[in-house]
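Engineer: Okay, sequence plus prediction incoming.
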Amino acid sequence: MKFKKFGATEQKVYDLVKPITDELGYYLWDVCYQKEGAVWHLCIFIDSDDGITIQDCERATEPINDIMDKADPVSQSYVLEVGSAGLERELVKEEHFEVCEGDTIRIRFIRDIDGEKEIIAILSGADKNGVTVITEDGKPKTFPLADIAYVKLYFEI
């Protein structure tokens, strides 16, 4: 696992959209620009302390669409999607780990570590050296980023 760095298009979009999401009271969680089949998708993921509803997504879509039309930062056609980051969102940027310290996370490993393919623990911190969690026994443990396939928030249903 590596911390996500924006590509040029994603960074331009992030810079355009962030003031809008801030003004609307949303946290801009992530921007993804990816091709699915023959179609490019520009996905804007938002969050708030109260969660995100369909109405929140609709409320954010119009001003985001307007600024994207005016600034035209993407050279080819794309489908714009504005949505919630989700309850079990993936943590991909350093700031995600900072915001989620103290939350329960699921770490999926690339290969077994101490006989485990994944663990559920409390996030204590993360940096370029690894992800530190508090395990069930209350002790901190750090896992190198190179050993991690993904980290997601965990909610028991």
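Structural biologist: Cool, got the structure.
Engineer: Touching, residue 80 and residue 66? I think so.
Structural biologist: No: Residue 80 lies out of contact with residue 66 (CB atoms under 8 Å); the separation is 11.0 Å. (Glycine included, C-beta is placed from N, CA and C.)
Engineer: max-length strand in this protein?
Structural biologist: Ranked by residue count and defined by DSSP state E, the top strand of the chain is strand 116-127.
Engineer: Pull the residues that contact it.
Structural biologist: 91, 94, 97-98, 100-109, 131-136, 140-141, 151, 154 (CB atoms under 8 Å, 6 or more residues apart in numbering).
Engineer: more crowded one of residue 80 and residue 66?
Structural biologist: Taking neighbours as other CB atoms under 10 Å, residue 80 and residue 66 compare with residue 80 leading, 15 against 11.
Engineer: ok, that one - contacts?
Structural biologist: 42, 44, 61, 64-65, 68.
Engineer: In those, which residue is surrounded by the most others?
Structural biologist: Counting neighbours by other CB under 10 Å, residue 44 comes out on top of the contacts of residue 80 with 26 neighbours.
Engineer: Assign a three-state SS to it, would you?
Structural biologist: strand (DSSP: H, G, I helix; E, B strand; the rest coil).
Engineer: my read: it touches residue 16, true?
Structural biologist: No: counting by CB under 8 Å, residue 44 does not reach residue 16; the two are 10.2 Å apart.
Engineer: about what we covered before: in the contacts of residue 80, find the pair that's most separated.
Structural biologist: The most widely separated members of the contacts of residue 80, counting by CB to CB, are 42 and 61 (11.6 Å).
Engineer: Pull out the buried members of the contacts of strand 116-127.
Structural biologist: Burial by neighbour count, judged by 16 or more other CB atoms under 10 Å, picks out 91, 97, 100, 105-107, 109, 131-133, 141, 151, 154 from the contacts of strand 116-127.
Engineer: And those residues, which two are furthest apart?
Structural biologist: Among the buried ones among the contacts of strand 116-127, 100 and 109 lie farthest apart (CB to CB), at 18.8 Å.
Engineer: Residue 83 is in contact with residue 45, correct?
Structural biologist: Yes: assessed by CB under 8 Å, residue 45 is found in contact with residue 83 at 6.1 Å.
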